[in-house]
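Asker: Sharing a sequence plus its predicted fold:
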Amino acid sequence: MTSKRNLARYPQGQFAELAKNRISSLATATKPAETSAPTTIGGSATELAFWDAIKNSTSADHYRAYLEKYPNGEFVLLARRRLAPLEASEKEKTRADELGRQTQSFKGYLVRKSEKLSGSFILGSGDMHFVFDDASNVGKGSFSCKDLELARSDGEFIRELDSVLVSKKDRRISFQAESATAAHNAIDQMRRLCYPPSSYPVDPIRNAVVGVWKGDSPGGEKHYEFQFLPDGRLALYMKWNQYDGSSRGTWQLTGNTLTMEVDDWEKMQGTINQNQISGSWSRAGYKFTVTKQVEVSAQADSLTGTTWTGDSAGGDKHYEFRFQSGGNVVWNQKMASNVTYEGTWSQNGNAVTMNFRGLDDPVVLTIQGDQMSGSWYHGSYQLTVKRLQ
């Protein structure tokens, strides 16, 4: 503190001004730094702490939480940039998991005449092939949806498969599963992969046609199996005397009249009455009656044990549907009085068809997520129900 003593002794001295400047500079240099508020770059201290905690995270949930809590925050753009690739990875993982769940394997044999090749039929989205136990056949058992158009179940067999496994002249082969149940599950998986719910018609009546219908001629000498595909195509299998084979074609629905154009056969026409089609061909010389087969699918299984409730369009009627195992359904109506109907249900794609004892016409509803909409009593009453459980 020499400068202060000299300044006190010689206030008017030659070096007084220099001493004052030195004292001032020393005071500034030794003055404690002022405590300032935390730097927040325009945001709050709480937001900054939140961001500091997650800024190096690899979890999409962390960035979504920040954006939800601070939709106009200081780091919104940066959070979105970091979130984008993480969400892309999530979607890819979800897709891979879904494909994994969709893939099923069925052990058995590919059969052509007297030849039987053992292995496993792998049925997954975009990947349908037969893995042979004999490694020398690798790559020879690939299938596309077109190869499976005519496929039909026959006990433990799935008949009418096409494959590059054999020559173009005679490509029809069969898959022999370990049991009839396994064969049914395999063909159900084929149809589910090739014709997902999104491919089904929006019209619930047309949607109800899609599926497999089987039956005979009045005398029983002809057997028919129609497979109506969602896109308007048709596969027909017929067994008649020495004839035993399948053909492709198309189908159209006008009202309740079904018209079928089948390759190598004359036009067929039929009338739909609930779950039966009665029709004829060859100038009405040959008649047939076929019944819709109940298909068990992943979506149909998901309805078992569920309850759906809702109201009519005007709100004057309340409905409750309870889907039970074994294809049974209970329908409770609350109008002027309470009425209960019992019946059966089946599902194709996103269409659910219910036939109730005491009612002439089926109730057809279309599923959209956790909601079903449709009509009953000749379309006179509209209804919408939502899933409770």
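Answerer: Thanks, I have it. Numbers count the residues shown, from 1 in each chain.
Asker: Against residue 70, how distant is residue 80?
Answerer: 12 Å (Cβ to Cβ, to the nearest Å). C-beta coordinates here come from the backbone N, C-alpha and C atoms, glycine included.
Asker: I meant residue 359, not that one.
Answerer: Applying Cβ to Cβ to residue 359 and residue 70 gives a distance of 57 Å.
Asker: Compare those two (neighbour count), which wins?
Answerer: residue 70 (18 against 15; other Cβ atoms under 10 Å).
Asker: Quick one: mean pLDDT for stretch 245-257?
Answerer: Averaged across stretch 245-257, pLDDT comes to 91.
Asker: ok, residues contacting that stretch?
Answerer: For stretch 245-257, contacts defined as Cβ atoms under 8 Å, 6 or more residues apart in numbering pick out 149-150, 152, 160, 205-206, 209, 228, 232-238, 258-265, 269-273.
Asker: Next: stretch 136-150.
Answerer: With contact meaning Cβ under 8 Å, 6+ apart, stretch 136-150 is reached by 110, 117, 119, 128-132, 160-165, 190, 193-194, 227, 229, 233, 235, 237, 246, 248.
Asker: Just the buried residues out of those residues, in PyMOL syntax.
Answerer: In PyMOL, this line selects whichever of those come out buried by 16 or more other Cβ atoms under 10 Å:
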select buried, resi 110+117+119+128+129+130+132+160+161+162+163+165+190+193+194+227+229+235+237+246
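Asker: Secondary structure element for the closest residue to residue 280 other than its chain neighbours, which one?
Answerer: In space, and not counting its chain neighbours, residue 280 is closest to residue 287: 4.6 Å by Cβ to Cβ, 6 or more residues apart in numbering. Element membership for residue 287 (DSSP states H and E) is strand 286-292.
Asker: For that strand, output the C-alpha coordinates as PDB.
Answerer: The C-alpha coordinates for strand 286-292 follow below in PDB (Å, rounded to 0.1, in the frame of the first residue of the first chain):
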ATOM      1  CA  TYR A 286     -76.300 -77.300 -63.900                       C
ATOM      2  CA  LYS A 287     -77.300 -76.000 -60.500                       C
ATOM      3  CA  PHE A 288     -75.300 -75.600 -57.300                       C
ATOM      4  CA  THR A 289     -75.600 -74.400 -53.700                       C
ATOM      5  CA  VAL A 290     -72.500 -73.400 -51.700                       C
ATOM      6  CA  THR A 291     -72.100 -72.300 -48.100                       C
ATOM      7  CA  LYS A 292     -69.600 -69.900 -46.700                       C
END
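Asker: for it, packing partners?
Answerer: When contacts are defined as 3 or more Cβ pairs under 8 Å, 6 or more residues apart in numbering; DSSP states H and E, strand 286-292 sits against strand 211-216, strand 222-228, strand 276-281.
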